[in-house]
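Peer 1: here are the coordinates; sequence isn't available:
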């Protein structure tokens, strides 16, 4: 796939950092990155939720170093069987990470895939608006998180400079050689029972958190990038 070749070509030139909810900003191959991810997963599986527009930037991180490739291999990546999803699958395969395929064409296959997530209780990155409507959190995300006892961690992946790929249904950010790529993670959102909150309330909370991590990421990119 062309995308894999491009990411392989530029990967080693990318400057990567992670911003965590405790305020830590870690760059490069800092061991604290692994430690902070593990800390988030201590209480059970985590669904890392992001917009589809950030998905290529997210995958580019694994091409930046062998350390970051190994980090990516600790997680699963949910992709669908649309053209864009198949492109993403090729990059995930190249990284050696696990793919959790979800069908947008076959409802029965979609249920089987989601059942796998439920049974294995694995931590996964999910582009929550992957097949539209875009920049909208689906209620199914809340149902899935509750069914496997998972927390939802809002995630944004910003890259500067970048070009926008507009041949998909939504504009997708593509890093350039020597781009800064920042993955910003928010506070874990947990679903406790019993709760007076309705699903629509949880959807609103996740949507606001996704907006919040993106705003925080912009501030880190411009003012707190690690030396």
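Peer 2: Now that the structure is in, tell me what you want to look at. On a predicted model such as this, the values are computed, not experimentally measured, just so you know.

Peer 1: and the residue nearest the centre of the chain, which of the three is it?
Peer 2: Centroid check for the chain by CA atoms, centre = their mean gives residue 125 as the closest residue, at 4.2 Å. Using DSSP: H, G, I helix; E, B strand; the rest coil, the structure places residue 125 in strand.

Peer 1: what sits against it?
Peer 2: By CB atoms under 8 Å, 6 or more residues apart in numbering, the contact set of residue 125 is 48, 50, 58, 75, 76, 77, 78, 155. Heads up, the C-betas are built off the backbone N, CA and C, glycines and all.

Peer 1: Could you find the lowest-pLDDT member of these?
Peer 2: Least confident entry in the contacts of residue 125, by pLDDT: residue 78, with 85.

Peer 1: ok, which stretches of the protein are strands?
Peer 2: 15-19, 25-27, 46-50, 76-80, 98-102, 124-127, 151-165, 172-185 (DSSP state E).

Peer 1: could you redo the ones you listed as CSV and give each row distance to residue 67?
Peer 2: Below are the strands of the chain laid out as CSV (distance: least, CB to CB, whole Å):
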stretch, distance to residue 67
strand 15-19, 10
strand 25-27, 12
strand 46-50, 19
strand 76-80, 18
strand 98-102, 18
strand 124-127, 18
strand 151-165, 17
strand 172-185, 14
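
Peer 1: circling back: show me which of the contacts of residue 125 is closest to residue 190.
Peer 2: Minimum distance to residue 190 across those is 14.2 Å, recorded for residue 48 (CB to CB).
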